[in-house]
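>>> model this:
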Amino acid sequence: MMPALVPLPAASDRWTTPERILCAIMHAFLVPNFSHAMYCGFEEGWWPLKPRDFNLGLAACAALTILFCKPAFSMMALALLTIPLPRILDAALLRRYEMLEYGGHNVYVFMMISLWVISAVGVLSIGTARGTQMAATVAVTTILACVAANLYEWLGFASWTLIPGRVAGWHLDPNNSPIIICLMLGILFTVQPRFWWNVLWISVATVGVAVTMSRSGMAVFFVMVSLYIAGNMRHHFKGIALIALGGVPLLIAGLGILSASNSSKGIRKNDDNVARMEAIYRLDFEKLKSPERKKDLLDAWEAVGNSPVTGFGMGSGELKWRPHNMIIAHWLDVGIFGVLQYVGGLVVFTLCSLLNRCRAIFCLVPLWLFIPCSQALLETTAYWFTWGVAAYTLFPKRFTLALASRDAPAAGRTARA
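Below you'll find the predicted structure:
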């Protein structure tokens, strides 16, 4: 069964001036955050504004412009924004785990608040009349930015990665860029009904994901693309067959070239990259697993057993245990009730999707699949933006805010003499 789509507004519909302004602001606001260009650029010295000042300034402009675009808000979308609040409150008020890695605990708290503001403005913008259309264009622009940065580094013009021999782009961590690309593809698959247009961006994204050599990123990307093509096979069988005949050999050749170029540096071999490419190339899921991550996960799960109700404080899951699993990291941070809120939200959305012909399922697939691969999803603004698109897709009932005046006295009514 092909998932139901949310059609974009008709091309003949005219954009109002506030909608055009909001679209420009959201691109300038979200794309540098999703692609991490702003943070990397500030550290490199070619981005003039501090990320804090940039985000707060554009967030205020975006929030004001949203009010002029007649937004209609979804209660479920607003409910999503409550999931990160226990994390912020724990760090700001309880301060059970001192986070000094970002320059001080207060700096960490302000960073979390800033990320929540970005997520909130992004989710609220989807509630405008052009919200889904803006989400689609933001997704395309973000994919372009991430792929361009990855290729730029892969070609040797820059070196941003924190892991030698890997490509990370502006995200610094090679595993983060594939997460963002997959989330943006999930948005496109949900709101953009043009199959071949989406296939174009799949081909572009393939390059950006492949050069990072992220095992988890390539696995999730493969699952998402396979599900999308399988869902459209009935309507586009001939075209898909032609692409498979011509594209698969090219993909295999490309992986071979990538393996050769990334597994050697001069005459020295990078054994980790060789193993990665062999595992990906052969789809060897045993080799795709990481023994180090398995140990970290077991240590973190043991720590959960020591304090299952309250956890150890915000930040402990990210830096003390590093389980590379969002549920375990969230459990360590805020305890079992935060986990129930987070997982419960995903379960509710997934059940609603399955009961509505898999509507918005492509937004939900990466939300689930990246849980065992990352420990910082709840501080990823693109994660909430993708979840927000799913909320507005699955729950069409919305409410609006309007200013009203008292009714004037009926015309012609006169006082008695």
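
>>> Please tell me I have it right and Val211 contacts Trp154.
Yes - using Cβ atoms under 8 Å, Val211 is in contact with Trp154, at 4.5 Å. Where C-beta positions appear, they are placed from N, C-alpha and C, glycine not excepted.

>>> When those two are compared, which one has more neighbours?
Taking neighbours as other Cβ atoms under 10 Å, Val211 and Trp154 compare with Val211 leading, 24 against 21.

>>> Between Val211 and Trp154, which contacts overlap?
Common neighbours of Val211 and Trp154 (criterion: Cβ atoms under 8 Å, 6 or more residues apart in numbering): Val167.

>>> How far off centre is stretch 357-375?
The chain centroid and the centroid of stretch 357-375 are separated by 10 Å, computed with Cα atoms, centre = their mean, to the nearest Å.

>>> cool, and stretch 343-356?
18 Å.

>>> repeat for stretch 338-346
Distance of stretch 338-346 from its chain centroid, counting by Cα atoms, centre = their mean, is 18 Å.

>>> what about it, average pLDDT?
Across stretch 338-346, the average pLDDT comes to 95.

>>> How about the contacts made by the nearest residue to Trp47 once chain neighbours are set aside?
The spatially closest residue to Trp47, leaving aside those adjacent along the chain, is Gly41, at 3.1 Å (Cβ to Cβ, 6 or more residues apart in numbering). Contacts were defined as Cβ under 8 Å, 6+ apart; by that measure Gly41 touches Pro32, Trp47, Trp170.

>>> In terms of helices and strands, where is the first one?
Looking back up the chat, that one is Pro32. helix 17-34 (DSSP states H and E).

>>> quick one: that helix to chain centroid distance?
So, by Cα atoms, centre = their mean, the centroid of helix 17-34 is 17 Å from its chain's centroid.

>>> List the contacts of that helix.
Helix 17-34 has contacts (Cβ under 8 Å, 6+ apart) with 15, 37-38, 41, 54-55, 58-59, 61-62, 65-66, 68-69, 118, 121-122, 125, 128-130, 134, 137-138, 141-142, 145-146, 180, 184, 381-382, 385.

>>> One more pass at 6 Å, please.
Identification of contacts with helix 17-34 by Cβ atoms under 6 Å, 6 or more residues apart in numbering yields 38, 58, 61-62, 65, 68-69, 118, 122, 125, 130, 134, 138, 141-142, 145, 180, 381-382.

>>> Would you mind listing which of those residues are buried?
The neighbour-count test (16 or more other Cβ atoms under 10 Å) applied to those identifies 38, 58, 61-62, 65, 69, 118, 122, 125, 130, 134, 138, 141-142, 145, 180, 381-382 as buried.

>>> thinking again about what came up before, do me a favour and average the pLDDT over the helix or strand hosting the residue nearest to Trp47.
Gly41 is part of helix 37-44 when elements are defined by DSSP H and E. Here helix 37-44 scores 87 as its mean pLDDT.

>>> quick one on the thing from earlier: inside strands: which ones of the buried ones among the contacts of helix 17-34?
Using DSSP state E, no member of the buried ones among the contacts of helix 17-34 sits in strands.

>>> From those, which land in helices?
Judged by DSSP state H, the buried ones among the contacts of helix 17-34 include 38, 58, 61-62, 65, 118, 122, 125, 134, 138, 141-142, 145, 180, 381-382 as members of helices.

>>> Can you tell me the number of residues neighbouring Val389?
Using other Cβ under 10 Å: Val389 sits among 29 other residues.

>>> If anything else comes up later, I'll come back, but that's it for now.
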